[in-house]
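1. one predicted model, sequence on top.
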Amino acid sequence: MAAIPWYLGDLSYSMPQPVIVPPAFGPIFRYNLDMRSSLRAHMFLYDLAGSGEIFGGTEAEFQSSFVDLGLDFEFNWWPYKTAHGKSKYSPYVTTGLGYSLDLQGASKSHFYLPFGLGVKADLRKKLSGGIEVSMRKTFTDMLDGVTNPGGEAVQTPVGNNDWYMFTGVFFTYKIFNYLNECPTYNEQTYSMKGRGKEKRKK
């Protein structure tokens, strides 16, 4: 997966600030529970940066690098599995729990709650891809190194804890149970077993 991170916090509480270079990137592993739901683990490397006025009019800026570890639950609006002959694409929603480890010490490592939406589709026999937009609500106000002093006069539109979001694309390759999920595989197997029994009876 590759994505553009967007920062939304005390230095930019009305307009998200993107970090285009370097983009966030890392591996994902998805396990299909059934045609409607999946579990997904991920590990991303990403940077966040922002600048603006802090409370009192002082200019400030920050830049930090993180390792993002998380487990997400996906719910497909339509029945879908990668490399499944009867499902080609589906929109989905996702939520989960994650932890971002700060690599530089300038910000604060933090837990977060992600929630988002996307679309995934089959591209080739075992290859699928998609696009996704996800928000991440953190449990810290020190993501940008600036603490909101609190109070109604400085309450940001999204609360005093910092937020960020990812806008990205991903590609996944089917590596397990491919034949067992082919819609014609079981039918052919049962048919062959049935013909074998008939021959033995004769």
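-> Here it is on my side, so go on.
2. name the nearest residue to the most centrally placed residue in the chain, ignoring sequence neighbours.
-> Centroid check for the chain by Cα atoms, centre = their mean gives residue 134 as the closest residue, at 6.4 Å. Using Cβ to Cβ, 6 or more residues apart in numbering and skipping residues adjacent in sequence, the residue nearest residue 134 is residue 116, 2.9 Å away. All C-beta atoms are positioned from the backbone trio N, CA, C, and that covers glycine.
3. contact partners for residue 121?
-> Remark: with contacts taken as Cβ atoms under 8 Å, 6 or more residues apart in numbering, residue 121 is in contact with 88-90, 128-130.
4. which helices and strands does whatever helix or strand residue 62 lives in pack with?
-> Using DSSP states H and E, residue 62 falls within strand 59-76. For strand 59-76, the packing partners by 3 or more Cβ pairs under 8 Å, 6 or more residues apart in numbering; DSSP states H and E come out as strand 37-53, strand 89-102, strand 110-122.
5. can you rerun that using 6 Å?
-> strand 37-53, strand 89-102 (3 or more Cβ pairs under 6 Å, 6 or more residues apart in numbering; DSSP states H and E).
6. quick check: buried residues in that strand?
-> By 16 or more other Cβ atoms under 10 Å, the buried positions in strand 59-76 come out as 62-66, 68, 70, 72, 74, 76.
7. ok, stretch 25-33 next?
-> So, applying 16+ other Cβ under 10 Å, buried residues of stretch 25-33: 26, 30, 32.
8. out of those, who's nearest residue 106?
-> residue 26 (20.9 Å; Cβ to Cβ).
9. hmm, residue 43 and the closest one touching each other?
-> Yes - here residue 26 reaches residue 43: they are 4.9 Å apart, a contact under Cβ atoms under 6 Å.
10. thinking again about what came up before, out of the buried residues of stretch 25-33, list just those in strands.
-> Mapping the buried residues of stretch 25-33 onto strands (DSSP state E) picks out 30, 32.
11. would you turn the buried residues of stretch 25-33 into TSV with distance to residue 97 and pLDDT?
-> Below are the buried residues of stretch 25-33 laid out as TSV (distance: Cβ to Cβ, whole Å; pLDDT from 0 to 100):
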residue	distance to residue 97	pLDDT
26	17	97
30	16	92
32	20	88
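12. what's across from the closest residue to residue 46 other than its chain neighbours in the sheet?
-> Spatially, and ignoring its direct neighbours in sequence, residue 46 is nearest to residue 24 (3.4 Å; Cβ to Cβ, 6+ apart). Residue 24 has these beta-bridge partners by DSSP bridges: residue 3.
13. appreciated, that's everything.
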